[in-house]
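J.: 3D model of this:
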Amino acid sequence: MEGILITIGDFSFLVHQSILIWFGVLVFVGIFLAWGGRRIKRADPTKEPEGAVLVFENIANLAKGVIGANLNERTWRYLPFYGTIMICMAISNLMGLLGLQPPTSNLTLNLTLALMMVILIHGTDIRLHGIKGKLKSLAEPIVFLFPLNVIGDLALPVSLTLRLFGNLLGGTIIIALLYNMIRAIMPFGILAFAVTPFLHLYFDVFTAFMQTYIFFMLTSFFLSEVLED
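T.: All right, here's what the predicted structure looks like:
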């Protein structure tokens, strides 16, 4: 299934499978976090966390660990936003284990996520320092560096997009080629199934969490620079 074709009058467009999966992940994470929030509110603060409360506490601590080194005392202010997108991205990156195309191997989706982070970073900069302050920072340390600083700001979403897109799509292609090769040389290809778990462990699990970490570590670093200034 490539997606769903939607027709409105004479206009038709295809909603790709990866976008549908991403929306499915968003709905799941939204329900999951809402349920977790209710469980935490009902928990007894005088007792040690257990069950679902312990699970959500560990998830929050993991997300906090990714961005906490950069945002420091401001971590809890941005944790709801960062943590929610972080969980969605991690789950999306793992979709290859189910034989589905990870949504984050879609260039358009990755660009959208990168632009969200860029809007957060530069929007915060303008909110704190004003447009004049933003322009002044682009002219530092000398005014002749203004064009290079502008290019640097424009390169950030491109870098975030292509890094995530390249790694996730590359892993998906390699796994697909492997299984096509196994089918082509059957029955001898059955021996290749001995190595597929290790390839899935690297391309679908390790890469999934590593790319999630890198994406949010970098964006929280650039946000921290704005906040520190």
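
J.: How far off centre is the longest helix along the chain?
T.: Counting residues, the longest helix found in the chain (DSSP state H) is helix 146-184. Counting by C-alpha atoms, centre = their mean, to the nearest Å, helix 146-184 is centred 13 Å from the centre of its parent chain.

J.: Next SSE downstream of that helix?
T.: Counting by DSSP states H and E, the element after helix 146-184 in chain order, helix or strand, is helix 196-200.

J.: Am I right that residue 4 falls within a strand?
T.: Yes - counting by DSSP: H, G, I helix; E, B strand; the rest coil, residue 4 is found in a strand.

J.: residues near residue 39, how many?
T.: A count of neighbours around residue 39, defined by other C-beta atoms under 10 Å, yields 15. The way it works is simple: take the backbone N, C-alpha and C, and place the C-beta from them, glycine included.

J.: same check, this time on residue 85
T.: Residue 85 has 20 nearby residues by other C-beta under 10 Å.

J.: Helix or strand for it, just tell me which one.
T.: Going by DSSP H and E, residue 85 is part of helix 75-93.

J.: residue nearest the centroid of the protein?
T.: Centroid-nearest residue in the chain: residue 89, 3.7 Å away (criterion: C-alpha atoms, centre = their mean).

J.: returning to that earlier point: so for the helix holding residue 85, what's the average pLDDT?
T.: Average pLDDT, helix 75-93: 92.

J.: Then stretch 21-36?
T.: Stretch 21-36 comes out at a mean pLDDT of 92.

J.: tell me which residues in that stretch are buried?
T.: 21-22, 25-26, 29, 33, 36 (16 or more other C-beta atoms under 10 Å).

J.: can you give me how far it is from the chain middle?
T.: 15 Å.

J.: hmm, who's touching it?
T.: 52, 55-56, 84, 87-88, 91-92, 95, 100-103, 106, 109 (C-beta atoms under 8 Å, 6 or more residues apart in numbering).

J.: Now list the buried members of these.
T.: Buried, going by 16+ other C-beta under 10 Å: 56, 87-88, 91-92, 95, 100-103, 106, 109, out of the contacts of stretch 21-36.

J.: between these, which is nearest residue 69?
T.: If you rank these by distance to residue 69 using C-beta to C-beta, residue 87 comes first, at 19.1 Å.

J.: And the closest residue to the closest one other than its chain neighbours, how far from residue 192?
T.: Distances taken as C-beta to C-beta, 6 or more residues apart in numbering place residue 29 nearest to residue 87, at 5.4 Å, with adjacent residues excluded. The gap separating residue 29 from residue 192 is 35 Å, by C-beta to C-beta, to the nearest Å.
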